[in-house]
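Asks: Any chance you could fold what I've pasted below:
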Amino acid sequence: MGVGSDLESLSEATSGAIGALVSTTVLYPLDTCKTKYQAEVQKDGICKYRSLSDVLSEAIKTRKIFSLYQGLNTKNLQSFISQFVYFYGYSYFKRLYLDKTGSKSIGTKANLVIAAVAGACTVLVTQPLDTASSRMQTSDFGKSRSLWETLKEGSWSEAFDGLGISLLLTSNPAIQYTVFDQLKQRVLNMRQNKVNSSGSGSGSSPVVISAYSAFVLGAISKSIATIATYPAIRCKVMIQSSHPKKEESQKKSMAGALKAIWKIEGPLGFFKGLKAQILKTVLSSALLLMIKEKLSRNTWILIVALSRYFFLSQNRLKVNI
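Replies: Numbers count the residues shown, from 1 in each chain. Just a heads-up that it's a prediction; the model follows:
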């Protein structure tokens, strides 16, 4: 792979990370309500939150509406790093696969494997931030601590709570981006055929999908991935939101979380908060991918311009020396 491939991977990573930053900030109050709702398990048959509106209502009644933003900085940091690592790895591994195999396109199976590998790399890098942000969001309103204080509450190993299930959940973005890429490719092929038939395809600019198309495809792909993996998603929230206490140790594993849900809430408990999860993640992913697709071309032009500038600067420096 040449410099061009590396620059394209960098462009994909940068635009994806910026998209994640914007979508996370815009939808963060909804994310906090969703996380608190998912993390709650019935006690003596009583639930504090019966819906997302109950979480919002509590914040309003206690005059702590801004507490819906507790942990935002940590979540933004986690989202930016995770999406940058994911999109860079995803783009890099795709191009590596194409170079090694000589193929012109990637099949569904290969795409799933590549997306899963990129997701695993992302999880290993950002798991402590993910755990900390979940604990901040599920803390009582107004009592959230800083990132460092949150991580210090337990041992270093507890910062990686839910690592195993997070690795399992790499299947979620793997399914999502595979479905998105396949749908996107079909849309691009249709547009390219229209451009070719109209005779206006002589320019060098690549054919791109519209923001609306990216939003719709992002929503569809994320819905499919969320429904397929939701029981594991809820277990992960429960594991990460359990603050370091001995009495909560039984919920620190996927088996423990599954057992607790089954015993207290029954089979339907595995899907508690599914609507909220779909609402939040679909809006977030669709917004992220819409922003990413709109930024990709401009980011690519900017990165190429900067690389040429630094290349010319280095050559001038060598000549002067």
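Asks: so where do the helices sit in the stretch 51-200 of the chain?
Replies: Counting by DSSP state H, counting those that start in this stretch, residue ranges of the helices within the stretch 51-200 of the chain are 52-61, 72-101, 108-138, 147-152, 163-168, 171-198.
Asks: Residue 230 is nearest to which of these?
Replies: For the helices of the stretch 51-200 of the chain, proximity to residue 230 was assessed by C-beta to C-beta; helix 171-198 is nearest, at 9.2 Å. (Each C-beta comes from the backbone N, C-alpha and C, glycine too.)
Asks: how far does that closest one sit from the chain's center?
Replies: Mean-position distance between helix 171-198 and its chain equals 20 Å (C-alpha atoms, centre = their mean, to the nearest Å).
Asks: With just CA atoms, put stretch 49-66 into CSV.
Replies: Output in CSV follows, covering the C-alpha atoms of stretch 49-66 (Å, rounded to 0.1, in the frame of the first residue of the first chain):
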residue,chain,number,x,y,z
TYR,A,49,-37.8,4.2,35.9
ARG,A,50,-40.6,2.8,33.7
SER,A,51,-39.5,4.7,30.6
LEU,A,52,-37.0,7.3,29.4
SER,A,53,-39.4,10.1,30.3
ASP,A,54,-39.2,9.0,34.0
VAL,A,55,-35.4,9.7,33.9
LEU,A,56,-35.9,13.1,32.3
SER,A,57,-38.7,13.9,34.7
GLU,A,58,-36.4,13.1,37.7
ALA,A,59,-33.8,15.5,36.3
ILE,A,60,-36.4,18.3,35.9
LYS,A,61,-38.0,17.8,39.3
THR,A,62,-34.7,17.8,41.2
ARG,A,63,-33.6,20.9,39.1
LYS,A,64,-30.6,19.0,37.9
ILE,A,65,-31.3,19.1,34.2
PHE,A,66,-27.7,19.8,33.4
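Asks: Quick check: mean pLDDT of that stretch?
Replies: The average pLDDT for stretch 49-66 rounds to 87.
Asks: So which bits of that stretch are buried?
Replies: For stretch 49-66, the neighbour count (16 or more other C-beta atoms under 10 Å) marks 49, 52, 55, 56, 58, 59 as buried.
Asks: Tell me the secondary structure at the first one.
Replies: If I follow you right, that is residue 49. Here residue 49 is coil, with the state taken from DSSP: H, G, I helix; E, B strand; the rest coil.
Asks: so what's it up against?
Replies: Residue 49 makes contact with 36, 37, 40, 55, 58, according to C-beta atoms under 8 Å, 6 or more residues apart in numbering.
Asks: Can you say which of the helices of the stretch 51-200 of the chain is nearest to residue 259?
Replies: Residue 259 lies closest to helix 163-168 among those, at 14.1 Å (C-beta to C-beta).
Asks: Give me the neighbour count for residue 99.
Replies: 12 (other C-beta atoms under 10 Å).
Asks: Okay, it and residue 113: tell me how far apart.
Replies: For residue 99, the distance to residue 113 equals 16 Å [C-beta to C-beta, to the nearest Å].
Asks: before we move on, what about residue 179?
Replies: Distance of residue 179 to residue 113, given as C-beta to C-beta: 15 Å.
Asks: Quick check on these two: which one has the bigger neighbour count.
Replies: residue 179 (21 against 16).
Asks: Touching, that one and residue 224? I think so.
Replies: Yes: between residue 179 and residue 224 a contact is recorded at 5.6 Å, counting by C-beta atoms under 8 Å.
Asks: distance of residue 184 from residue 192?
Replies: From residue 184 across to residue 192, the span is 12 Å (C-beta to C-beta).
Asks: More neighbours: the two, which one.
Replies: Neighbour tally, residue 184 and residue 192, criterion other C-beta under 10 Å: the higher count belongs to residue 184, 20 against 13.
Asks: so what's the more buried one up against?
Replies: So residue 184 contacts 209, 214, 217 (C-beta under 8 Å, 6+ apart).
Asks: And the pLDDT for it?
Replies: pLDDT, residue 184: 87.
Asks: Please identify the helix or strand for the closest residue to residue 51 other than its chain neighbours.
Replies: Once flanking residues are discounted, residue 51 sits nearest to residue 37: 7.3 Å by C-beta to C-beta, 6 or more residues apart in numbering. In the assignment (DSSP states H and E), residue 37 maps to helix 28-39.
Asks: Against which helices or strands is that helix packed?
Replies: In terms of contacts (3 or more C-beta pairs under 8 Å, 6 or more residues apart in numbering; DSSP states H and E), helix 28-39 is packed against helix 52-61, helix 72-101, helix 108-138, helix 211-241, helix 274-320.
Asks: Can I get these in CSV including distance to residue 156?
Replies: Below are the helices and strands packed on helix 28-39 laid out as CSV (distance: least, C-beta to C-beta, whole Å):
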stretch, distance to residue 156
helix 52-61, 31
helix 72-101, 17
helix 108-138, 8
helix 211-241, 15
helix 274-320, 29
